[in-house]
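In: Curious how this folds, go ahead:
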Amino acid sequence: MSGTCIALVVDDDESIVRMLRVRLEAEGYEAVLALDGVAAVELAVERHPDVILLDIAMPSVTGVDVLDRLEASDATRGIPVLVITAYTQMIDSVKGYDAVKECFVKPFDMPSLMSRIREVTSRCA
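Out: Below you'll find the model as predicted:
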């Protein structure tokens with residue numbers, strides 16, 4: 001193992017994906033990006049990231065759909081997920097998933113998010 005942690009960033013808002021990529025790479029992470037739920041599941045299976053930053057409110061395949069698919073697969077079931085959403089009412093719908101370690105509401109506090117990412121990826125650092 002190279003020691004580089006992989007973070008999968010999933011959001012249909014390209015500006016958020018770009019912002020998180022820049023910050024993650026500055027912190028030494030390899031950022032893998034997905035703009036929709038279908039790509040997110042495919043990349044999770046292919047790359048087996050150390051953490052997934054997941055938006056919930058996405059068109060077509062939502063973040064909840066992604067969580068269902070991740071949980072249903074032995075290959076992706078144990079990957080920690082940090083939910084990032086603008087819709088606080090959606091947080092309750094994801095709290096029951098074992099993979100969900102914390103929920104952040106947009107606009108989120110970047111230092112708090114990065115701190116939590118470091119915590120859940122401490123095994124690969």
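In: how about Ile56, what does it touch?
Out: Residues in contact with Ile56 (Cβ atoms under 8 Å, 6 or more residues apart in numbering) are 62-64, 83, 85, 87, 90, 93-94. From N, CA and C alone the C-beta is placed, and that goes for glycine too.
In: shaky segments in the chain?
Out: For the chain, the stretches with pLDDT under 70 are 1-3, 125.
In: could the contacts of Ile56 be laid out in CSV, adding secondary structure and neighbour count?
Out: Conversion of the contacts of Ile56 to CSV gives the following (DSSP: H, G, I helix; E, B strand; the rest coil; neighbours: other Cβ atoms under 10 Å):
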residue, secondary structure, neighbour count
Thr62, coil, 19
Gly63, helix, 26
Val64, helix, 18
Val83, strand, 25
Thr85, strand, 22
Tyr87, coil, 12
Met90, helix, 18
Ser93, helix, 16
Val94, coil, 18
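In: I'd like those residues laid out as JSON lines, including distance to Leu24.
Out: JSON lines is the format used below for the contacts of Ile56 (distance: Cβ to Cβ, whole Å):
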{"residue": "Thr62", "distance to Leu24": "23"}
{"residue": "Gly63", "distance to Leu24": "19"}
{"residue": "Val64", "distance to Leu24": "24"}
{"residue": "Val83", "distance to Leu24": "16"}
{"residue": "Thr85", "distance to Leu24": "19"}
{"residue": "Tyr87", "distance to Leu24": "23"}
{"residue": "Met90", "distance to Leu24": "23"}
{"residue": "Ser93", "distance to Leu24": "26"}
{"residue": "Val94", "distance to Leu24": "21"}
